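Student: I would like the atomic coordinates for the input below:
(2 chains)
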Amino acid sequence: MSDTPFPLDASDWSAIALTLKLAGLVTFLLLVIGTPIAWWLARTRSWWRRPIGAIVALPLVLPPTVLGFYLLLLMGPEGPLGVLTESLGIGLLAFTFPGLVIASLVYSAPFVIQPLQSAFESIGERPLDVAASLGASPFDRFVSVVLPMSRSGYVTATILGFAHTLGEFGVVLMIGGSIPGATRVLSVQIYDHVQAMDYASAHWLSAGLLVFSFVILFGLRLFGPSERRN
Amino acid sequence: MNCFVLRVLVLLAALLASTSCVAAERLLIAAAADLKFCMDEIVVAFRTRYPDAVVETAYGASGNLSTQIAQGAPYDVFFSADIAFPAALVTSGNAMGPIHRHALGRIVLWSQRHDASALTIDDLVDARFRRIAIANPRHAPYGMRAAEALRARKIWDAVESKLVYGENVAQTAQFVQSGNADIGIIALSLALHPEFGAKGSYALIDDSLHTPLDQGFVVTAHGNGKPLAHAFATFAEAPEARAIMRRYGFALPDDAAP
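Tutor: Sure, this is the predicted structure:
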């Protein structure tokens, strides 16, 4: 197993494919769901923006074990989500790919919503007022004014959301059950290799993830929001 | 002001000295997850003899703990669910002999949602068991034995798509306990715990279906210099500790052969 110079086997490739699929899907869904939330947080003067903003930021500070524990109970046969999914005939979500997607949506939400929120905030009222005075509909204003002006916010949100989902481990360990092709993502696969003392495979995967993550974050600095030059 | 700084320094020095005193009486035990409740009781019993000792326990998959010890983790005594792990640590110089055989473990079917006491391992192919939890066979001894038993009954291929893998046998039990898995193959010692295990029902799996869960412990290289570590090793084989282990369903090496 570790005699070959390149010891990645089918289960490693399956973990890589699964991880990319998870990160891609979660990032896409978060951009869709996160845009209205970030927009509301950036625009509203409601008192509620404080607690909602705090809830969005919670996964930044909570240990993954807290999320994993509550998600496990929530998705279990006695949890509200578990009761719902069982009554819909879907079965329980723990140990399934959809379960991981839900967990990752929670886990990576602040990494997508916060950059979008600051991008929307930096646009200010004026461009929108001008567009409105020229007769642009709210949807038109969003598509032709907000989106182009917050392009770099979207780049940051996409990259951070994707990279953070790649790095997810604790939550997956608690609700995933290490099922090949469904929940055994790259971080868990590496963990299993290390536990089984297959360091060669662990090295290949870890180094690959390290380089890939570096390239992503480097890319963010190349193409992301331009740094201030004074 | 200088006087104040001096006082703080003296206080710090005193604190450091006192903590290093405590550290001399501190024992860190790594134990396989099947010992989770049993070892807690043994530690309590040990502390009635050594009231000054601070004994802490860390539970995990034996393979996992063994890797950590090989990398210099500061555990003093290592109780493994598979005697092969301590044996390897002795060979590599990370633990000192002798290797003590302390118990034989058993695997059981365990469920909260179904009455497992009426089941046999062959029933796992039944469609009502949608998710079956076992410990990860790559590094958890109870998972290896569960996989062996499933293969020996030639139902591995039939159930493989329904298997979910716990990181160790305690997490496997927790998957079943939380209801997220319908049934699991766990350690008898966990199923016999009065609070945790009593919520479900269990059935023993024929131990001719797998290699014996021969359990063993060693004093690690880290613990070798500590008298307390050797005291604990002696205590773990004394009648009091053996009685606790027997209560948790472990067969002991010197017991009459069945």
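
Student: Spell out the residue ranges of the helices in chain A.
Tutor: For chain A, the helices defined by DSSP state H occupy A:10-43, A:49-61, A:64-75, A:80-87, A:97-123, A:126-133, A:138-141, A:147-149, A:151-166, A:170-175, A:186-195, A:199-223.

Student: Check whether the first one comes near chain B.
Tutor: No: with CB under 8 Å from any CB of the partner chain as the criterion, chain B is not reached by helix A:10-43; the gap is at least 10.5 Å. In short, each C-beta sits where N, CA and C put it, glycine included.

Student: And stretch A:89-98, how far out from the chain middle?
Tutor: 19 Å (CA atoms, centre = their mean, to the nearest Å).

Student: same question, stretch B:89-100
Tutor: With CA atoms, centre = their mean, you get 18 Å for stretch B:89-100.

Student: next one: stretch A:68-75
Tutor: On the basis of CA atoms, centre = their mean, stretch A:68-75 sits 18 Å off its chain's mean C-alpha point.

Student: What are the buried residues along it?
Tutor: Burial within stretch A:68-75, assessed by neighbour count using 16 or more other CB atoms under 10 Å in any protein chain shown, is assigned to A:Gly68, A:Leu71, A:Leu72, A:Leu73, A:Leu74, A:Met75.

Student: Could you tell me which residues of chain A lie near chain B?
Tutor: Counting by CB under 8 Å from any CB, chain A sits next to chain B at A:72-73, A:75-78, A:82, A:91-92, A:94-95, A:173, A:175, A:177-179, A:192, A:194-197.

Student: got the helices of chain A as a markdown table, with mean pLDDT columns?
Tutor: Putting those into a markdown table (pLDDT from 0 to 100) gives the following:
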| stretch | mean pLDDT |
| --- | --- |
| helix A:10-43 | 95 |
| helix A:49-61 | 94 |
| helix A:64-75 | 91 |
| helix A:80-87 | 92 |
| helix A:97-123 | 95 |
| helix A:126-133 | 84 |
| helix A:138-141 | 84 |
| helix A:147-149 | 89 |
| helix A:151-166 | 93 |
| helix A:170-175 | 89 |
| helix A:186-195 | 89 |
| helix A:199-223 | 90 |
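
Student: Quick one: the strands in the stretch 51-200 of chain B, in order.
Tutor: B:54-60, B:77-80, B:95-105, B:107-111, B:132-135, B:163-166, B:183-187 (DSSP state E, counting those that start in this stretch).

Student: between those strands, which one is nearest to chain A?
Tutor: Closest of those to chain A is strand B:163-166, at 3.2 Å (criterion: CB to the nearest CB).

Student: Can you tell me the strand partners of the closest one and which way each runs?
Tutor: Here strand B:163-166 is paired, per DSSP bridges, with strand B:132-135 (parallel).

Student: so how far is the partner strand off the chain centroid?
Tutor: 16 Å.

Student: What of stretch A:171-189?
Tutor: The answer for stretch A:171-189 is 16 Å, by CA atoms, centre = their mean.

Student: tally of neighbours for the residue nearest to B:Gly105 when sequence neighbours are not counted?
Tutor: The spatially closest residue to B:Gly105, leaving aside those adjacent along the chain, is B:Leu213, at 3.4 Å (CB to CB, 6 or more residues apart in numbering or on different chains). The tally of other residues near B:Leu213 (other CB atoms under 10 Å in any protein chain shown) stands at 24.

Student: so who does residue 69 touch?
Tutor: No chain was given, so I picked chain A. The neighbours of A:Phe69, taking CB atoms under 8 Å, 6 or more residues apart in numbering or on different chains as the test, are A:Met174.

Student: Let me rephrase: I mean chain B.
Tutor: So B:Ile69 contacts B:Ala30, B:Tyr75, B:Phe78, B:Leu89, B:Asn94, B:Ala95, B:Thr220, B:His222 (CB under 8 Å, 6+ apart).

Student: farthest-separated two in those?
Tutor: Farthest apart among those by CB to CB are B:Ala30 and B:Asn94. That separation is 11.8 Å.

Student: Tell me, what's the model's pLDDT at the residue in chain A that chain B sits nearest to?
Tutor: Across chain A, the shortest distance to chain B (CB to the nearest CB) belongs to A:Gly177, at 3.2 Å. In this model, A:Gly177 is scored at 81, pLDDT.

Student: and it, what does it touch?
Tutor: For A:Gly177, counting by CB under 8 Å, 6+ apart, the contacting residues are A:Ala94, A:Phe95, A:Thr183, B:Ala133, B:Val164, B:Tyr165, B:Gly166, B:Phe175, B:Ala181.

Student: circling back to that earlier point, go through the contacts of B:Ile69 and say which is closest to chain A.
Tutor: Using CB to the nearest CB, the contacts of B:Ile69 come closest to chain A at B:Leu89, 12.1 Å.

Student: Report the separation between the closest one and A:Val101.
Tutor: 41 Å (CB to CB, to the nearest Å).

Student: near chain A, which residues of chain B?
Tutor: B:61, B:63-64, B:67, B:113, B:130-131, B:133, B:136, B:138-139, B:163-167, B:175, B:178-181.

Student: ok, how many other residues are close to residue 76?
Tutor: With no chain named, the answer covers chain A. With other CB under 10 Å as criterion, A:Gly76 counts 22.

Student: ah, no, chain B please
Tutor: For B:Asp76, using other CB under 10 Å, the count is 24.

Student: before we move on, what about A:Ile216?
Tutor: A:Ile216, neighbours per other CB under 10 Å, totals 15.

Student: before we move on, what about A:Ile55?
Tutor: The burial count for A:Ile55: 11, using other CB under 10 Å.

Student: With the one 3 residues further on instead?
Tutor: Here the number of neighbours of A:Leu58 (other CB under 10 Å) works out to 13.

Student: what's the closest non-adjacent residue to it?
Tutor: Nearest to A:Leu58 is A:Pro110, by CB to CB, 6+ apart, at 7.7 Å.

Student: ok, now which ones touch that neighbour?
Tutor: A:Pro110 neighbours (CB under 8 Å, 6+ apart): A:Val56, A:Ala57, A:Leu58, A:Pro59, A:Leu60.

Student: Which of those residues sits closest to A:Gly24?
Tutor: Among the contacts of A:Pro110, A:Pro59 lies closest to A:Gly24 (CB to CB), at 19.3 Å.

Student: And the helices in chain B?
Tutor: Using DSSP H, helices in chain B cover B:2-24, B:36-49, B:62-70, B:84-91, B:141-152, B:156-159, B:169-177, B:188-191, B:227-236, B:239-247.

Student: Could you list the buried residues of the fourth one?
Tutor: Neighbour-count burial for helix B:84-91, with 16+ other CB under 10 Å as criterion, is recorded at B:Phe85, B:Pro86, B:Ala87, B:Ala88, B:Leu89, B:Val90.

Student: nearest to A:Phe28, of the strands of the stretch 51-200 of chain B?
Tutor: strand B:163-166 (26.9 Å).

Student: and the most centrally placed residue in chain B, how far is that from chain A?
Tutor: Centroid check for chain B by CA atoms, centre = their mean gives B:Ala32 as the closest residue, at 2.1 Å. From B:Ala32 over to chain A the distance is 13 Å, taken as CB to the nearest CB, to the nearest Å.

Student: pLDDT value on the residue nearest to that residue when sequence neighbours are not counted, please?
Tutor: Leaving aside its chain neighbours, B:Ala32 sits nearest to B:Ala81 (3.7 Å; criterion: CB to CB, 6+ apart). Per-residue pLDDT puts B:Ala81 at 93.

Student: ok, now how distant is B:Phe129 from B:Ser111?
Tutor: 8 Å.

Student: quick one: common contacting residues for the two?
Tutor: B:Asp182, B:Ile183.
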